[in-house]
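A.B. asks: Predicted coordinates and the sequence they were generated for:
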Amino acid sequence: MTLFVLDTSVALKWILPEPDSPQALAFQDDVRNAIHEIIAPDVFAEEVAHVLTKAERKKVVPVGDAATHLRNILRNGPTLHPFLPLLPRAVEISSATRTAVTDCLFVALAEREGCEVLTADARMLNNLPGYPIVSLDSL
């Protein structure tokens, strides 16, 4: 079983139709089949909720569906780890790379757990070269 830190960008593709949603759904099936194990810092839940409610405002999903989608993602999603112990390392990475601290929390967790962040966020990949990050497209 391969352990990944799951970036929010991948989990949201389980709900929101995007060009690489089929790859994200295939990865989700692999998680359900115990091929992969997924973890994330607990800010993952807030990030998912934010994007889903924004999708409601943009009428991408019906108003009221965000709560249901959030429950489904959290029920089938990563094991969440407290972000506070990761924060000092995330700040170091952020300062060195001029990248958002939130993104760096995912990297700090991957470093601590000796695994990679799985992302569909090109900006994260571009801003953090040399860190343990892999693209959804590469699976």
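C.D. replies: Everything's here; your move.
A.B. asks: Check the chain and tell me which residue is nearest its centre.
C.D. replies: D7 (1.5 Å; C-alpha atoms, centre = their mean).
A.B. asks: Surely that residue and A122 touch.
C.D. replies: No. If you go by C-beta atoms under 8 Å, D7 and A122 don't touch, sitting 11.5 Å apart. Heads up, the C-betas are built off the backbone N, CA and C, glycines and all.
A.B. asks: Tell me where the protein has strands.
C.D. replies: In the chain, the strands defined using DSSP state E lie at 2-6, 36-41, 79-81, 116-119, 133-135.
A.B. asks: Helices of the protein, residue ranges please.
C.D. replies: Applying DSSP state H to the chain gives helices spanning 8-12, 21-32, 43-57, 65-76, 87-97, 101-113, 122-127.
A.B. asks: S135 is nearest to which of the ones you listed?
C.D. replies: The minimum distance between S135 and these falls on helix 122-127, with 5.8 Å, by C-beta to C-beta.
A.B. asks: And that closest one, what does it pack against?
C.D. replies: strand 133-135 (3 or more C-beta pairs under 8 Å, 6 or more residues apart in numbering; DSSP states H and E).
A.B. asks: Just checking: what are the partner strands of the strand it packs on?
C.D. replies: strand 116-119 (parallel) (DSSP bridges).
A.B. asks: Let me know the average pLDDT across the partner strand.
C.D. replies: Across strand 116-119, pLDDT averages out at 98.
A.B. asks: Ok, stretch 28-35 next?
C.D. replies: 96.
A.B. asks: now swap in stretch 51-61 and tell me
C.D. replies: On average, stretch 51-61 scores 96.
A.B. asks: What are the contacting residues of that stretch?
C.D. replies: The contact list for stretch 51-61 (C-beta atoms under 8 Å, 6 or more residues apart in numbering) reads 8, 12, 15-16, 62-66, 69-70.
A.B. asks: Report the distance from that stretch to the chain centre.
C.D. replies: Computed by C-alpha atoms, centre = their mean, to the nearest Å, the chain-centroid distance of stretch 51-61 equals 18 Å.
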